[in-house]
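Asker: got a predicted structure here, sequence first:
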2 protein chains.
Amino acid sequence: VDRLECRFCNKDYPYDPFSPFCPDCREPLLVPSPVPPRAFHPAESLALTRFREFLPLAAIDPALSLGEGSTPLLPLDRLADRLGLPALFAKNETLNPTQSFKDRGTAVAIQNARRLGFRRIGTVSTGNMAASTAAYGARAGLETVVLLKEGTPEENILMAGIHRPRLLVVEGDYGRLFYESLALGRRHRILFMNSIDPFRIEGYKLTGFEIFLQLGRRVPDLLLAPLSSGGHLIGLLKSFLELKGLGFADRLPVVVGVQAEGCAPLARAFAAGAPRIKIFENPETIAHAISNPNPPAGTLVLKMMKDAGGLIAAVSDAEMLEAQGFLAQEGLFCQPDSATTLAALIKLSRERSFARDATAVLVVTGSGLKNLKALDSLRLPRARLTLSGLAGALAAGGTDA
Amino acid sequence: VDRLECRFCNKDYPYDPFSPFCPDCREPLLVPSPVPPRAFHPAESLALTRFREFLPLAAIDPALSLGEGSTPLLPLDRLADRLGLPALFAKNETLNPTQSFKDRGTAVAIQNARRLGFRRIGTVSTGNMAASTAAYGARAGLETVVLLKEGTPEENILMAGIHRPRLLVVEGDYGRLFYESLALGRRHRILFMNSIDPFRIEGYKLTGFEIFLQLGRRVPDLLLAPLSSGGHLIGLLKSFLELKGLGFADRLPVVVGVQAEGCAPLARAFAAGAPRIKIFENPETIAHAISNPNPPAGTLVLKMMKDAGGLIAAVSDAEMLEAQGFLAQEGLFCQPDSATTLAALIKLSRERSFARDATAVLVVTGSGLKNLKALDSLRLPRARLTLSGLAGALAAGGTDA
């Protein structure tokens, strides 16, 4: 792929790895949809090779993979019954190599870096994307630059730092760094694979393809995913648009992007019917992984969601923590950020009714282990006993709170 | 399966879920090996159904599964070259539902609990096994009792507690609890699926079968796994013994169990040629997940390892931390406990030479996210910069320490 397309100007442009934006309207450019015929290769063990015909890569080097993708689609029947929800599934993206969905994007972006001959890569992130980029950069033997903001918790630095990237703590406006990093990348030949890198977005498509195959070549009625910078949601949308465009499916799911109420620039703009977001002032939420007050693909997300008949919702911290608890009672421990999807479905189910045979998929994006601090408010009841007191406690059964 | 066998007395006995020990010699009983013909079902998506013919279950309820197993076998070519090791692979068990290998055992044990009609299950653990049992117990809708010791870190309690088991903190001798819990289980009808539960051990076999298939139906020359209570290692050994017994393979790998020097009762007994362990006094290591000073399957492990031509090694905390760093430079972030395998292989490679075409597999058992505290000593270098200083830093390249 040497050309990318603009969904606003309906034109294509040469691919510039240091400026994947439309020269005319400045919106993010995307990889064009593949043309038929395209086929899946379900017997391949690597997700990248299973779906290679849908990726903008002439060749795939398996040595750069960490075994990302191929995650379970977990039925949540009891939860659906209890809450009166449609047939419910969790696409468990916490079972990726660095415990988040980011690995799918990084896996494709790193193939692109190798294809283009880069020796250095980088990212601007302090969370899931930093850890993912550092891991794949190490795997590929590339120097990896991670730009952090002042005050990033030591825990988050460790998750990326263990892979020994260059850690640079940058003072000043962290939002500006996103664009600044690309300009510096051009000057010093570093591929900054940030949140809306067009090749990263291609990697997120594979989640949609896997869901389609796991449902027996069916499209779900609802697909819910957390929404922050927009790259992940664009990738998910793109997968279903391509399945339809290539004739595999005859409809799209209703895609629901979910934000935290404490940082919901896209939900606000969507509710107002606005074509562009306003920067969200004073963001405050426990869902750090999805709290981007100025998402760079905001305008594109709003357009694609409107075109595809999608929805953008927002839920409170309390709602996502409650939903995190519901998922844990099904055996799934995710970040509060990921539990926004269930919280939004619960809200939605109060506002509208679903067909009896409707199917909903929650994309569960990151492991709860990454943000144990979010559970500080959780007072887990426990009883203190002696060995001789234990028999009585077990005889009693029930709770000990 | 209604009978279990004793490898010491060479007899079988009725299965008693509350006392899976030989009535004659008190050693742990195991599920007998399957008889031919047996076949794999590689097209099945669940590991449990893919290998169902090798499991002691007449039926498998997929609703109890969390999608465990089917983990990647990651080639580590660069590392092998750099350290002069045989062809090296990591079986990445951190990609299980609760980020450790325990899920494979719990997945089979919970099928057994359902088969036997239990409404309550339990475990004695404060680490990986507590989290795994709590998750699967929640998934199955069973009341789950987790027995903790006084002073268990709040972090560890959270990883299990999020699934809302009954948390009981028991004062007194924690080692005695292992046996005590089984007796209490009989009295109150709770299936305690502790570390060497015979059905749990059957689940660990699937790791061996997957490695065999992933290597193209070949047995590795060396298989290295961390060693604590012994259940995991017995399961791994059992898989290769069965592959050989059923005619799939004509040899066994050299299985290497690795302990922490700070808690190495099995390595000590093995080195001394003793048939039984002595309780390891004053254990002290960062590898909490493998620091069992009095492993209940100790005698059985020593016998099976001797019979199979295996080895038991021990490595220091410094060696496992160094190995953890080596694995992270390949993109893999594991517990120090899991990195013992690489540390042991490095030591072994200094003592003996391997055939040119030898193959070694490290079983990487748990995620590094579970023990970030172990990295407290890691001083990750980072540079502090202003946005305007960033360009200069990127031009320079290299390290900033």
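Answerer: The structure has been received and is ready for your questions.
Asker: ok, A:Leu95 to A:Glu150 distance?
Answerer: 33 Å (C-beta to C-beta, to the nearest Å). (Glycine included, C-beta is placed from N, CA and C.)
Asker: so these two - more neighbours on which side?
Answerer: Taking neighbours as other C-beta atoms under 10 Å in any protein chain shown, A:Leu95 and A:Glu150 compare with A:Leu95 leading, 27 against 10.
Asker: my guess is that one meets B:Gly69, correct?
Answerer: No: A:Leu95 is beyond contact range of B:Gly69, at 10.7 Å (criterion: C-beta atoms under 8 Å).
Asker: ok, and does the helix or strand containing A:Leu345 reach over to chain B?
Answerer: Using DSSP states H and E, A:Leu345 falls within helix A:336-351. No: shown here: helix A:336-351 not in contact with chain B (C-beta under 8 Å from any C-beta of the partner chain), separated by at least 11.2 Å.
Asker: now do the helices in the stretch 301-401 of chain A.
Answerer: A:317-328, A:336-351, A:387-396 (DSSP state H, counting those that start in this stretch).
Asker: please disregard the earlier target; I meant chain A.
Answerer: Under the criterion DSSP state H, chain A contains helices at A:47-50, A:77-83, A:102-115, A:128-140, A:154-161, A:174-188, A:198-214, A:231-245, A:265-272, A:298-307, A:317-328, A:336-351, A:387-396.
Asker: what residues does stretch A:303-310 touch?
Answerer: By C-beta atoms under 8 Å, 6 or more residues apart in numbering or on different chains, the residues outside stretch A:303-310 that reach it are A:7-8, A:233-234, A:237, A:240-241, A:252, A:254-257, A:270, A:275, A:311-312.
Asker: at 6 Å instead, please
Answerer: For stretch A:303-310, contacts defined as C-beta atoms under 6 Å, 6 or more residues apart in numbering or on different chains pick out A:Leu237, A:Leu252, A:Val255.
Asker: contact residues of the stretch 51-200 of chain A facing chain B?
Answerer: Within the stretch 51-200 of chain A, the residues that sit near chain B (C-beta under 6 Å from any C-beta of the partner chain) are A:66-67, A:72, A:74, A:95, A:135, A:138-139, A:155, A:158, A:161-163, A:167-172, A:184, A:188.
Asker: now swap in the stretch 201-350 of chain A and tell me
Answerer: So far as C-beta under 6 Å from any C-beta goes, the stretch 201-350 of chain A lies against chain B at A:Ala328, A:Gln329, A:Gly331, A:Phe333.
Asker: as JSON lines, the helices of the stretch 301-401 of chain A with mean pLDDT and mean neighbour count would be great.
Answerer: Formatted as JSON lines, these follow (pLDDT from 0 to 100; neighbours: other C-beta atoms under 10 Å in any protein chain shown):
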{"stretch": "helix A:317-328", "mean pLDDT": "97", "mean neighbour count": "21"}
{"stretch": "helix A:336-351", "mean pLDDT": "96", "mean neighbour count": "24"}
{"stretch": "helix A:387-396", "mean pLDDT": "89", "mean neighbour count": "15"}
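Asker: could you tell me the end-to-end distance of stretch A:280-288?
Answerer: 14 Å (C-alpha to C-alpha, to the nearest Å).
Asker: tell me the bridge partners for the residue nearest to A:Thr94 when sequence neighbours are not counted.
Answerer: Residue nearest to A:Thr94 in three dimensions, not counting chain neighbours: A:Ser367, with 4.0 Å by C-beta to C-beta, 6 or more residues apart in numbering or on different chains. Beta-bridge pairing for A:Ser367 (DSSP bridges): A:Cys334.
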